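Peer 1: Got a predicted structure here, sequence first:
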Amino acid sequence: MVTAIVLVRADVRTIPQTAEAIAQIPAVTEVYSVTGEFDLVALVRVRAHEELADVIPGTLNRVAGVTHTETHIAFRTYSRHDLDAAFSLGYPDAT
């Protein structure tokens, strides 16, 4: 599985609509509205690196309202959620 983090600048008048349209792309698993230099962050997950060309420049960049993107490819994933699941024995939390 290949994960790409796509930073998106969008037309500020259409950020909610742009985010919704990006979220409808099958390879996009999550879209966040964020503060800072970029307006949205999209997580793209595909089986093969070559598929990124179809998803990002081929589809995501063409969504109405997208004005610029910057893509970062993940080498490794570190997640507290994944670690908790891996070490869970199925017992309820003691909290």
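Peer 2: Done, it's in.

Peer 1: and the residue sitting nearest the centre point of the chain, how far is that from Y32?
Peer 2: When the chain is reduced to its mean C-alpha position, the nearest residue by Cα atoms, centre = their mean turns out to be L43, at 1.2 Å. Computed with Cβ to Cβ, to the nearest Å, the distance linking L43 and Y32 is 8 Å. Heads up, the C-betas are built off the backbone N, CA and C, glycines and all.

Peer 1: One more: R76?
Peer 2: The spacing between R76 and Y32, counted by Cβ to Cβ, is 20 Å.

Peer 1: which one of those two has more residues nearby?
Peer 2: Relative neighbour count places Y32 above the other of R76 and Y32, with 12 against 5, counting by other Cβ atoms under 10 Å.

Peer 1: How about the contacts made by that one?
Peer 2: Under the criterion of Cβ atoms under 8 Å, 6 or more residues apart in numbering, the neighbours of Y32 are L40, V41, A42.

Peer 1: where's it, which helix or strand?
Peer 2: strand 28-33 (DSSP states H and E).

Peer 1: and that strand, how far from the chain's centre?
Peer 2: In terms of Cα atoms, centre = their mean, to the nearest Å, the centre of strand 28-33 is found 4 Å from the chain centre.

Peer 1: Alpha carbons of that strand, in PDB - could you do that?
Peer 2: What follows is the C-alpha trace of strand 28-33 in PDB, where atoms were taken according to Å, rounded to 0.1, in the frame of the first residue of the first chain:
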ATOM      1  CA  VAL A  28      -8.900   9.300  -1.000                       C
ATOM      2  CA  THR A  29      -9.400   8.000   2.500                       C
ATOM      3  CA  GLU A  30      -9.600  11.300   4.500                       C
ATOM      4  CA  VAL A  31      -9.700  15.000   3.900                       C
ATOM      5  CA  TYR A  32      -8.900  17.600   6.600                       C
ATOM      6  CA  SER A  33      -9.600  21.300   6.500                       C
END
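
Peer 1: So which bits of the following helix or strand past that strand are buried?
Peer 2: Using DSSP H and E, the helix or strand that directly follows strand 28-33 along the chain is strand 40-46. Within strand 40-46, the residues that qualify as buried by neighbour count (16 or more other Cβ atoms under 10 Å) are L40, V41, A42, V44, R45, V46.
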